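Enquirer: got a predicted structure here, sequence first:
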Amino acid sequence: SNPFEVKVNRQKFDILGRKTKNDVGLPGVSRSKAIKKRNQTLLKEYKEREKTNVFKDKRFGEYNTKITPEEKMIRRFALERQQNYGKKNIYNLNEDEELTHYGQSLAEIEKLNDIVDSDSDTEERGTLSAELTAAHFGGGGGLLRKKVSSEQQDEEEEKPKSRKELIKEMIAKSKQEKQERQTRRESALELTEKLDKDWKEIQTLIARKTPKSEKKDKEVEKPKPDEYDMIVRELGFEMKAKPSERLKTEEELAKEEQARLQKLEADRLRRMRGIDEQANKKRPSHMSADDLADGFILDKDDRRLLSYKDGKINIENEEEEGEEEEEEGEEEDNENEEESQEESASENEEDDAADSHSDLESDLESEEEAAGNKEEKKHKGNENESQVVEKLDPKREAAKSELPYTFAVPESYETFKSLLAGRTIEQQLIILERVQKCNHPSLAVGNKAKLEKLFGFLLEYIGELATLDLPELRTIDKLVLPLYNLCQMFPEAASDSIKFILRDAAHDLEEVIEVKGRATFPGLDTLVYLKIISLLFPTSDFWHPVVTPAFMYMSQLLTKCRITTLQDVIKGLFICCLFLEYVSLSRRFVPELINFLLGILHISLPKNQAQGYTVVHPFTPVGKNLELLFVCDKEDLKSWEKQNVPLSIVTRLKETSKTEINHIRLSCLALCFDLIKKCAALYESLPSLHEIMHPVRILLTQHVPVNEYPEKMQEWYHSALKELENKVKHYTPLICEKKKPVPLKQYTPKIVKVLEFGRKQAGSKKEQERKQLIQRHKRELKGAIREIRKDNQFLARMQLSEIMERDSARKRKVKELLGSLATQEGEWKAMKRKKLKS
Amino acid sequence: QLPTGLYKKVLVILHDSVLPYMNEPTLMMDFLTVAYGIGGAISLLALNGLFILIHQHNLEYPDFYKKLYSLLDPSIYHVKYRARFFHLTDLFLSSSHLPAYLVAAFIKRLSRLALTAPPEALLMIIPFICNLFRRHPACRVLVHRPGGPADMSEDPYVMEQEEPSESRALESSLWEIQSLQNHYHPDVAKAAAVLNQSLSEIEDDISGLLELSAYELFDKEVKKKAVDVALEFEQVRGLFGKKNDIFAEHFSLD
């Protein structure tokens, strides 16, 4: 361009590697561009600033960029025709006239043309045959001779034909050829029709077992377009026979399962040791790359195939489909059943395929798969073979017929409760399952949050069941299953809601301690929650967001809660069992547990005992409630049988008789012995096991009145004592780990990667990003201010020019007026003068 | 003499509301000595007043450390006055002129008692013991004895011995802390694992740990944000449906 229009921004120094984009500017061009743009936008706006009427463009699709212009035109034309349709135009005389050609309607000919031509060879139509070319255009002489059939060559080799003859011959030939073609086509058409008929007959017989070969068949013969289209599409969406992996043998399956479990176990051990937490944090190797982190877990349920039914996409829920199938009866049965069988088979296949890939996919998934396997199967049964199953047991059918198939996730706890109210356990389970299936997170966006809420409701419900006067523990026993499944789907939400419950419980405990100084054991619901935690989460982890607080809470319970009744003892022992279960794999040391067991032994003794041990909080060497577990009734001692302590006893102990109470006491004592034994076995590897168990051993050997106990009790006692005694004492002096030698300080230069020149490199990545953002904001702000300023200048200019224009117009008008007045005056004066003269 | 409740109340306020205003604080000597001799919580409380007398009024108390040593019993980790007691004990044991056998006996006894302590006390006592090791390097044999006898059948330390000098603490090792490395609370386990390495030179500040309560610990754990929650992989079969479930042996669901 013109060098006078170019502005060069000179650089002071040339720096290697620096990218410059602003070294040459074209001020004139950019200014004119800006003005043009403002003229188009700002000026327009300015001019229309006091106008309220708007111009509406109602042309069809004027602003729709998705439609191509041709289509737009066609649609507009169609619309126009539509509008005019029905309106009789009186001026159009030959409306009903039809154009004909050889007495045939042109429109019909057009229609037919397509069908007839569809089969005729396109090549022949398009290109000319060799003979024709030869005859018309002369062609290569050699070529002609070659093309002529050998027969003719023999006959008429020597005498060359006249041109007329040749042409005649050719015409005859072509006519013949044409006729032949026609007959061939006709026969072909006939054959196709016949094939078509045959096909229709056998179509119902052949299931789509060999989709590929069939497809070929169909491509050969062509039934009417609609039907054909449909079938082709159907086939397209049908499962293509994938090269599925061969079925695995039992052994291989077992091996795989073993490998999976081993991997999980190794994972667990790693967490238990608590090492390399960094690696732990990087565990998203767990998730597959396609995971959207939306809690979506591959489940059979949502893997429905897109299928067509009566030409429409089949979008109903499978469950509904199942119902439909029932209703539809036998007409379609033949087909449908086959179809469904096919479907289920292919689904199975697919499942298998998914299974075989599960190594690649997340562990969680495979876990879930393994977990849900049973249920899945059941569910599948519900859906695909519902007829069969339901015929098999009419009872279940009856039960099911009462339940709807789809449920909305309850929004509040009340609705949740009303959903389950009055149902049997099985029904409740089915309801829960269906709620889960119908609201799978992959089906709708909000489902995840809803199901997460469901977990909370379920927990609350379980708590409520446990606090009843007659706790429905059997129900809880069953409800744990859906709880587990939900937990597997939404670990975060589940852990949050459980943590919430724990926090509440601990808060209550703390409050009671602050007010009264001592606390009481919580209700059965809390105990059940603690037990559920051990079912849902791995308790052996070194640190776990749910389990560790649970540990803390249980420790508080065992140390802070006062033991005043037999119920307290039972609850305490329950918590001891929980502790033991929690640490059964990790073998972690729980001082509170030993203390509590010691205290239990202590309160099972008559008061006037010499002491060689010290009990700690909450037990006291002297004071009230010292003989809670002491049984002196000989009869009761004799009649005692080891029984499992029913948990509901913690709410209804008062009604039981004295003998029964004594029996429960003895059972508790036996439980205590057993726990001591288990502790001793568990802590075998602790170097100071001997010291830990010292007070317990003293109590057992010196104070417990063994001989008064019934024989069964003595067995428990002896087995505990034996476990304690036969531990070898083994002490090796401690040695510190060797210190790593501290490396000498070196003065090598620190090397920092320079990613971009001209930028400050200091600071962490986050800091840098922040700085960059600030800088960008600044730049944008400056730019915006400049633009606004320019806009204002532009507007001011426009206003000024407007005013000037107005002024000049006024001046001009005034001048005109004055001029005209002057001339008028002049004329008038002239007239006057004339009058005077004359 | 005084009823126990009143006794405790008097002793709690004695050191900062009574003693500084007395002309002749040494008059309280007999009262405090008797209180110190009673044992249990009262002894712990009397310690504070006694400390002021020893520290500022030149009271000579024979067998003070022996008495202090005998005060250590399992309840010290559970009582209300734990913070006060350990604060004072820390003061008493801060002197670098104490004989190694005495400090070793204290360390050994404290750690032996720690086997019954709740986690909040453990979190306090382990840095406490570490500090003792720092002040008295001679005691480090307790955690580092390279040339010792390979296999012992008995812990040489005698817990029942009243006299610290005869408890043979210096011949022992801190197996208790090693056991605590298996504690269920992750922080305790980590703290105990510190003794595996050689200690740093700087003492830990335990003043913040003295008042630690179980609820605070719980709160801290609950508020931790987990990046990702590990799950149990064993399929649930019911409330008591685990493998070898202890509950199934002893409890029934009725």
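Expert: Okay, I see it.

Enquirer: not counting sequence-adjacent ones, nearest residue to the residue in the stretch 151-254 of chain B that chain A sits nearest to?
Expert: Of all residues in the stretch 151-254 of chain B, B:Ala226 sits closest to chain A, at 3.5 Å by C-beta to the nearest C-beta. C-beta coordinates here come from the backbone N, C-alpha and C atoms, glycine included. Nearest residue to B:Ala226, sequence neighbours excluded (C-beta to C-beta, 6 or more residues apart in numbering or on different chains): A:Pro545, at 3.5 Å.

Enquirer: so the residue of the stretch 151-254 of chain B closest to chain A touches A:Ser495, yeah?
Expert: Yes. B:Ala226 is in contact with A:Ser495 according to C-beta atoms under 8 Å; the separation is 6.7 Å.

Enquirer: list residues touching both of the two?
Expert: A:Pro545 (C-beta atoms under 8 Å, 6 or more residues apart in numbering or on different chains).

Enquirer: okay, the two: which has more neighbours?
Expert: Taking neighbours as other C-beta atoms under 10 Å in any protein chain shown, B:Ala226 and A:Ser495 compare with A:Ser495 leading, 23 against 16.

Enquirer: my read: the more buried one touches A:Pro545, true?
Expert: Yes. Contact criterion C-beta under 8 Å: A:Ser495 and A:Pro545 qualify, at 5.4 Å.

Enquirer: quick revisit: give the contact list for the residue nearest to B:Ala226.
Expert: A:495, A:499, B:224-226, B:229.

Enquirer: hang on, it in a helix?
Expert: No. Going by DSSP: H, G, I helix; E, B strand; the rest coil, the assignment for A:Pro545 is coil, not a helix.

Enquirer: tell me the phi and psi of it?
Expert: phi -60, psi -30 (degrees, to the nearest 10).

Enquirer: quick revisit: for the contacts of A:Pro545, give me a markdown table that also has distance to A:Asp267, pLDDT and secondary structure.
Expert: Compiled in a markdown table, the contacts of A:Pro545 are given as follows (distance: C-beta to C-beta, whole Å; pLDDT from 0 to 100; DSSP: H, G, I helix; E, B strand; the rest coil):
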| residue | distance to A:Asp267 | pLDDT | secondary structure |
| --- | --- | --- | --- |
| A:Ser495 | 17 | 89 | helix |
| A:Lys499 | 22 | 90 | helix |
| B:Lys224 | 21 | 83 | coil |
| B:Lys225 | 21 | 81 | coil |
| B:Ala226 | 16 | 76 | coil |
| B:Val229 | 13 | 81 | coil |
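
Enquirer: so which of these is the closest to B:Phe240?
Expert: Nearest to B:Phe240 out of the contacts of A:Pro545 is A:Ser495 (C-beta to C-beta; 22.5 Å).

Enquirer: list the contacts for that closest one?
Expert: So A:Ser495 contacts A:537, A:545-546, B:226, B:229 (C-beta under 8 Å, 6+ apart).

Enquirer: do you know how far it is from B:Asp205?
Expert: Going from A:Ser495 to B:Asp205 by C-beta to C-beta, to the nearest Å gives 33 Å.

Enquirer: so where is chain B shaky, pLDDT-wise?
Expert: Scanning chain B for pLDDT under 70 picks out the ranges B:1.

Enquirer: please enumerate the helices of it.
Expert: Secondary structure of chain B by DSSP state H: the helices cover B:4-13, B:29-38, B:40-57, B:64-71, B:82-92, B:100-113, B:119-135, B:175-180, B:186-193, B:207-210, B:214-223, B:246-250.

Enquirer: which one of the ones you listed lies nearest to A:Lys72?
Expert: Taking the helices of chain B one by one with C-beta to C-beta, helix B:214-223 is closest: 62.1 Å.

Enquirer: in the closest one, what counts as buried?
Expert: Buried residues in helix B:214-223, counted by 16 or more other C-beta atoms under 10 Å in any protein chain shown: B:214-215, B:217-219, B:221-222.

Enquirer: what ranges do the helices span in the stretch 1-150 of chain A?
Expert: A:27-40, A:42-47, A:69-84, A:106-119, A:122-126, A:130-137, A:141-147, A:150-155 (DSSP state H, counting those that start in this stretch).

Enquirer: test my guess that B:Arg140 contacts B:Phe133.
Expert: Yes. When contacts are counted by C-beta under 8 Å, B:Arg140 is listed as touching B:Phe133 (5.8 Å).

Enquirer: these two: which is more packed in?
Expert: Per other C-beta under 10 Å, whichever of B:Arg140 and B:Phe133 has more neighbours is B:Phe133, with 22 against 17.

Enquirer: what's the closest non-adjacent residue to A:Glu460?
Expert: A:Tyr413 (5.7 Å).

Enquirer: do the helix or strand where A:Tyr484 lies and chain B meet?
Expert: Taking DSSP states H and E as the criterion, A:Tyr484 maps to helix A:473-489. Yes. Applying C-beta under 8 Å from any C-beta of the partner chain, one finds helix A:473-489 touching chain B at A:473-474, A:476-478, A:480-481, A:483-484, A:487-488.

Enquirer: distance of A:Cys632 relative to A:Arg665?
Expert: According to C-beta to C-beta, A:Cys632 and A:Arg665 sit 11 Å apart.

Enquirer: the more surrounded of those two?
Expert: The neighbour comparison of A:Cys632 against A:Arg665 (other C-beta under 10 Å) goes to A:Arg665, with 22 against 11.

Enquirer: buried stuff in whatever helix or strand that one lives in?
Expert: In the assignment (DSSP H and E), A:Arg665 maps to helix A:658-682. Across helix A:658-682, burial judged by 16+ other C-beta under 10 Å covers A:661-680, A:682.

Enquirer: may I have the phi/psi pair for the residue of the stretch 1-150 of chain A at minimum distance from chain B?
Expert: For the stretch 1-150 of chain A, the residue closest to chain B is A:Lys19, as judged by C-beta to the nearest C-beta, at 39.8 Å. Main-chain dihedrals, A:Lys19, degrees, to the nearest 10: phi -90, psi 130.
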